[in-house]
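[1] This is a predicted model, with the sequence first.
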Number of protein chains: 2
Amino acid sequence: MVINYELIAEDKKTGARAGLLHTPHGTFKTPMFMPVGTQATVKTVTPEELEDMGAQIILSNTYHLFLRPGTELIREAGGLHDFMNWHKGILTDSGGFQVFSLGAMRKITEEGVHFRSFLDGSKQFLSPEVSIHAQEDLGSDIAMAFDECIPYPADYDYADHSTARTTRWAERCIKAHTRTDRGMFGIVQGGMYKDLRKRSAEEISAMPFDGMAIGGLSVGEPHDLMYEMLEYTTQFLPVNKARYLMGVGTPDCLVEGVARGVDMFDCVFPTRVARNGMAMVHSGRMNMKNKKYEKDWAPLEEGCQCYTCTHYSRAYIRHLYKSEELLAFRLVTIHNLYFLLQFMRDMRQAIIDGNFTEFRENFMANYKR
Amino acid sequence: MVINYELIAEDKKTGARAGLLHTPHGTFKTPMFMPVGTQATVKTVTPEELEDMGAQIILSNTYHLFLRPGTELIREAGGLHDFMNWHKGILTDSGGFQVFSLGAMRKITEEGVHFRSFLDGSKQFLSPEVSIHAQEDLGSDIAMAFDECIPYPADYDYADHSTARTTRWAERCIKAHTRTDRGMFGIVQGGMYKDLRKRSAEEISAMPFDGMAIGGLSVGEPHDLMYEMLEYTTQFLPVNKARYLMGVGTPDCLVEGVARGVDMFDCVFPTRVARNGMAMVHSGRMNMKNKKYEKDWAPLEEGCQCYTCTHYSRAYIRHLYKSEELLAFRLVTIHNLYFLLQFMRDMRQAIIDGNFTEFRENFMANYKR
């Protein structure tokens, strides 16, 4: 297989585990956070800056690239790695999540999803085959199966039928996958129903995917329910494949996800809140537009080794936000991503050192959502 | 003196000259272009990127920093160099140009200029003494005298009286200047009247300024008139001091300015047009939103050694603009500034090599405004 997960250490009290993910573009340490580069760019930063902060794999969105500039154009460019100048790992989602979010703008059939482009209203179609073909044009190291992300709440019948279709679509994705130099992950659905989660996990695990994603969580349900469904699901996943919890990226969810055996996460949270003026720190977050930082000469977080914290004061960053200077977005994006990437590195070390539970308790005691 | 100009080479056929400018933050090669960092940041780029592209001195605006975050706050930060993390040269303008541009929002008296803040409507006052004090708080290597930039067109009487006041204000700036570790340039005015230009040049040259700026050009007059007034003025300026043509930054004006003996230039042009999608090249400029670049895998300019051209295609940059990604502004800002800085380096080398006239003719033959 082109993607391999290697288990390095397991925590004795929780499901937390440290590992290595071998991919066509390098071997990466897990648990890991993947910055999101929706439109073939992680907003405001360059690939070199991502590398400097220790990013290993980034996520890019098939839905957006399919509509603009088109996945064929990116294939002509030599693939997404060359197009955007990022030569480490890339995971692409399938586009399923975005087209299902379109509501009245889309129509689901067994064949796939018909929808209108948000750019020009043109008729578009995504299916397991179209999505996998598009992702192979992009040349991502890890393609994601085309699934349906069940909304929350959803009644049992809907979840049951949708989960069964996700399994049928997974089989079509396996058949559509032609690039032997690239990997593909399956996605477990099942809504908030344990029997459906179990069935989905077992069905998807039985297929020759390179890794397993837990989809359909962090879609509006309470945190406790998310943690419960996650913990219930992971027990049915193979130990020798990476596990990826999709769309999760606040520090509390990351530590709780890791405690339940998750290896990979992605979320727009750190980059999006940076553009709203929010800096992430161990105690929660800081609104950098706040007057109280006007003459605060400290870095965003004491001890942080990111480019922003080693070169700029809170006062300067506040000035940039108040002056609507684009450098503000960039400096805080760099800090927030570094913060999460370092947070994952610290968790990994704690797992290896055998003190993950202490790390988790200390962190949760100080963190304010 | 804390700022010294050292003449290295003179062109035999034109007034072009190559030199070194010694400042408290290093020795810099002239002729030079100074990127503009209005609000204590050159829009979208970091100081490290400026250094990588070979920027030597940047310009920052006293008017903007005086209103926000306040020059006293920047003094508390240790000065503008520390506040913004730029440790090479900084030149600050006096704020005069901006307050005179306010039209009905300001009132000029012999004492100074009363105006309203564009941020909150509060009453503000700038004068030679206030401006120099503010610039000393900023700690710029080169402060600019507080003058009146005469609009175009202006009748003789207005220009006469205004130019006389600029001289009186220059004397007050000299008296107000207290930091012996920082320099100050005088500014020649005189509108489009040769006798006033001569008088102003002689009066300002007689004062103990560290360098001489030519102000009041590139304010709407035809290029030929600008070149004529510039050429007429520079003959009255001391040979042993640097000459700075304010607010000029298109390549054609730079080469013509250098030909008339100018050593220093600044302009928002390269950074502003980058945010509008324009890339600067030797033949003129390219609108990167244009459909024709959709599948153009070439760099912005063949042979350019900037970060952008060595890592990205026109097609990728077009995609970023079409997708409204902030990285577009940054990549083209980097290219445009590199282009102008390299253009100045090439001109300097041509002067030293004795082939400036050939350089100028070749350039002007291919350049489209």
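    Yes, it's here. Numbering: from 1, shown residues only, chains lettered A, B, ... in the order given.

[2] Tell me where the stretch 201-350 of chain A has helices.
    A:223-234, A:251-259, A:269-275, A:307-311, A:314-322, A:326-353 (DSSP state H, counting those that start in this stretch).

[3] Quick one, grab the pLDDT at residue A:131.
    You'll see residue A:131 listed with a pLDDT of 98.

[4] Pretty sure it sits against residue A:146.
    Yes - Residue A:131 lies in contact with residue A:146 (C-beta atoms under 8 Å); the separation is 4.1 Å. For glycine as for every other residue, the C-beta is placed from the backbone atoms N, C-alpha and C.

[5] Can you lay out the helices of the stretch 201-350 of chain A as a markdown table showing mean neighbour count?
    As requested, the helices of the stretch 201-350 of chain A are arranged in a markdown table below (neighbours: other C-beta atoms under 10 Å in any protein chain shown):
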| stretch | mean neighbour count |
| --- | --- |
| helix A:223-234 | 18 |
| helix A:251-259 | 23 |
| helix A:269-275 | 21 |
| helix A:307-311 | 18 |
| helix A:314-322 | 23 |
| helix A:326-353 | 22 |
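
[6] In a markdown table, list the ones you listed along with distance to chain B.
    Compiled in a markdown table, the helices of the stretch 201-350 of chain A are given as follows (distance: least, C-beta to the nearest C-beta, whole Å):
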| stretch | distance to chain B |
| --- | --- |
| helix A:223-234 | 31 |
| helix A:251-259 | 25 |
| helix A:269-275 | 9 |
| helix A:307-311 | 5 |
| helix A:314-322 | 5 |
| helix A:326-353 | 5 |
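
[7] Enumerate every residue touching residue A:358.
    Shown in contact with residue A:358 (C-beta atoms under 8 Å, 6 or more residues apart in numbering or on different chains): residue A:350.

[8] Return the distance of it relative to chain B.
    37 Å (C-beta to the nearest C-beta, to the nearest Å).

[9] phi, psi of that residue?
    Per-residue torsions, residue A:358: phi -60, psi -50 (degrees, to the nearest 10).

[10] Look at whichever residue of the stretch 101-250 of chain A sits closest to chain B and give its secondary structure.
    Closest approach of the stretch 101-250 of chain A to chain B (C-beta to the nearest C-beta) occurs at residue A:119, with a separation of 9.2 Å. Of the three states, residue A:119 takes coil under DSSP: H, G, I helix; E, B strand; the rest coil.

[11] That one reaches residue A:67, doesn't it?
    Yes - look at residue A:119 against residue A:67 with C-beta under 8 Å: they come within range, at 5.7 Å.

[12] who's more crowded, these two?
    Between residue A:119 and residue A:67, counted using other C-beta atoms under 10 Å in any protein chain shown, residue A:67 has the larger neighbour count: 20 against 12.

[13] Find the nearest non-adjacent residue to that one, please.
    Of all residues not flanking residue A:67 in the chain, residue A:117 sits nearest, at 5.2 Å (C-beta to C-beta, 6 or more residues apart in numbering or on different chains).

[14] do residue A:295 as well
    For residue A:295, ignoring the flanking residues on the chain, the nearest one in space by C-beta to C-beta, 6+ apart is residue A:315 at 5.6 Å.

[15] And the one you found, how far from residue B:42?
    Relative to residue B:42, residue A:315 is positioned 19 Å away (C-beta to C-beta, to the nearest Å).

[16] pLDDT wise, what is the residue nearest to residue A:27 when sequence neighbours are not counted at?
    Of all residues not flanking residue A:27 in the chain, residue A:20 sits nearest, at 5.4 Å (C-beta to C-beta, 6+ apart). Listed pLDDT for residue A:20 reads 98.

[17] Spit out the contact partners of residue A:20.
    Counting by C-beta under 8 Å, 6+ apart, residue A:20 touches A:5-6, A:8, A:27-30.

[18] any idea how far residue B:217 is from it?
    From residue A:20 to residue B:217 the distance is 64 Å (C-beta to C-beta).

[19] for residue A:149, same thing?
    62 Å.

[20] Next, work out how far apart residue A:268 and residue A:55 are.
    Residue A:268 is 14 Å from residue A:55, by C-beta to C-beta.

[21] same check, this time on residue A:114
    From residue A:114 to residue A:55 the distance is 35 Å (C-beta to C-beta).

[22] of the two, who's got more company?
    Shown here are residue A:114 and residue A:55; by other C-beta under 10 Å, residue A:55 has more neighbours (25 against 16).

[23] Show the pLDDT at that one.
    For residue A:55, pLDDT reads 98.

[24] mind listing what it touches?
    A:34-35, A:42, A:88, A:337, A:341.

[25] Could you dump those into TSV and include pLDDT?
    As requested, these are exported to TSV (pLDDT from 0 to 100):
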residue	pLDDT
A:34	98
A:35	98
A:42	98
A:88	98
A:337	98
A:341	98
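
[26] now for those residues, which pair is the farthest apart?
    A:88 and A:337 (13.9 Å; C-beta to C-beta).

[27] Strands of the stretch 51-200 of chain A, start to end?
    For the stretch 51-200 of chain A, strands defined by DSSP state E, counting those that start in this stretch occupy the ranges A:57-60, A:89-92, A:106-108, A:113-116, A:123-126, A:142-144, A:183-188.

[28] so where's chain A shaky on pLDDT?
    Within chain A, not a single segment meets pLDDT under 70.

[29] list the residues that contact both of residue A:131 and residue A:146?
    Common neighbours of residue A:131 and residue A:146 (criterion: C-beta under 8 Å, 6+ apart): A:94-96, A:173.

[30] Now rank those residues by neighbours and give me the top one.
    Of all the shared contacts of residue A:131 and residue A:146, the highest neighbour tally under other C-beta under 10 Å goes to residue A:94, namely 30 neighbours.

[31] so what's that residue up against?
    Residue A:94 neighbours (C-beta under 8 Å, 6+ apart): A:62, A:126, A:131-132, A:135, A:143-147, A:173, A:187.

[32] can you do 10 Å?
    If a contact means C-beta atoms under 10 Å, 6 or more residues apart in numbering or on different chains, then residue A:94 has A:61-63, A:126, A:128, A:130-132, A:134-135, A:143-147, A:149, A:169, A:173, A:184-185, A:187, A:213, A:215 as its contacts.

[33] same deal with residue A:276?
    Neighbouring residues of residue A:276 by C-beta under 10 Å, 6+ apart: A:285, A:287-289, A:321, A:329, A:332.

[34] Can you pull the residues of the stretch 101-250 of chain A lying near chain B?
    Selection of the stretch 101-250 of chain A residues close to chain B by C-beta under 10 Å from any C-beta of the partner chain yields residue A:119.

[35] Pull the contacting residues for the residue lying farthest from the centre of chain A.
    Ranking residues of chain A by C-alpha distance from their mean position (C-alpha atoms, centre = their mean) puts residue A:295 at the top, at 36.1 Å. By C-beta under 10 Å, 6+ apart, the contact set of residue A:295 is A:313-315, A:318, B:69-70, B:72-73, B:76-77.
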